[in-house]
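S.K.: Next comes the sequence, and after it the predicted model I'd like to discuss.
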Amino acid sequence: MIQLKQATHEDAAHIALLARFTFTETFGHYFRDRSDLETYLNQTFNVPKLQDSLKKSNNLFWLAYIDQLPVGYSKLKLDSPTPFLQSDSICQLQKIYVLKDFLSHKVGLPLQNAILEHAVKKGIKNIWLSVLKENARAIRFYEKNGFNILGDHDFQIGKEHFEFLAMAKNLY
């Protein structure tokens, strides 16, 4: 059984560890130079940085547990405009990551639903996200859940160049 919890700054270490593992599981094989990956992980998913992020009112995180083990997390960023969609009421589904061994448990759906429910309660009209173009599984998941492709954009980490799709969904 999947249990969700909205995270607090006290959960930063769990999120940092999950983030490091899930990012590496998802993107690690794209890095030719492991030091680029390590640098990114150390800069992006360190506990103090995540504690600061959790303290910001526009950042909301959820943790997913199975048998009391943290197996995934999600992040909603309120008031997060995108050049792909003109809206005065928009947020971003910034992250849904689940440990590879728990993907078959369908943990992503309740994490996504927690984000969507919170956005609707806040009266937000639109939500957008970025997904790696090569991540066909995630793209199918989002399309199945009502997200449409808006365009594409690039992201650079060290020497690696990544291509992402921007997707969005109307909440009303």
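M.R.: Right, received. Where do you want to start? Numbering: from 1, shown residues only.
S.K.: chain center to stretch 155-163, what's the gap?
M.R.: In terms of Cα atoms, centre = their mean, to the nearest Å, the gap separating the centre of stretch 155-163 from the centre of its chain is 18 Å.
S.K.: buried set for that stretch?
M.R.: Of the residues in stretch 155-163, Ile157 count as buried by neighbour count, 16 or more other Cβ atoms under 10 Å. From N, CA and C alone the C-beta is placed, and that goes for glycine too.
S.K.: from now on call the first residue 30
M.R.: In the new numbering, first residue 30, that becomes stretch 184-192.
S.K.: Need the CA coordinates for the longest helix along the chain. PDB is fine.
M.R.: The longest helix of the chain (DSSP state H) is helix 41-56. Taking Å, rounded to 0.1, in the frame of the first residue of the first chain, the C-alpha atoms of helix 41-56 are listed here in PDB:
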ATOM      1  CA  ALA A  41      15.200  17.000   3.200                       C
ATOM      2  CA  ALA A  42      17.600  14.100   3.800                       C
ATOM      3  CA  HIS A  43      15.100  11.600   2.500                       C
ATOM      4  CA  ILE A  44      14.400  13.700  -0.600                       C
ATOM      5  CA  ALA A  45      18.100  14.300  -1.200                       C
ATOM      6  CA  LEU A  46      18.800  10.600  -1.100                       C
ATOM      7  CA  LEU A  47      15.800   9.700  -3.300                       C
ATOM      8  CA  ALA A  48      16.700  12.500  -5.700                       C
ATOM      9  CA  ARG A  49      20.300  11.300  -6.100                       C
ATOM     10  CA  PHE A  50      19.300   7.700  -6.700                       C
ATOM     11  CA  THR A  51      16.400   8.400  -9.000                       C
ATOM     12  CA  PHE A  52      18.200  11.100 -11.000                       C
ATOM     13  CA  THR A  53      21.100   8.600 -11.500                       C
ATOM     14  CA  GLU A  54      18.700   5.800 -12.500                       C
ATOM     15  CA  THR A  55      17.000   8.100 -15.000                       C
ATOM     16  CA  PHE A  56      19.900  10.100 -16.400                       C
END
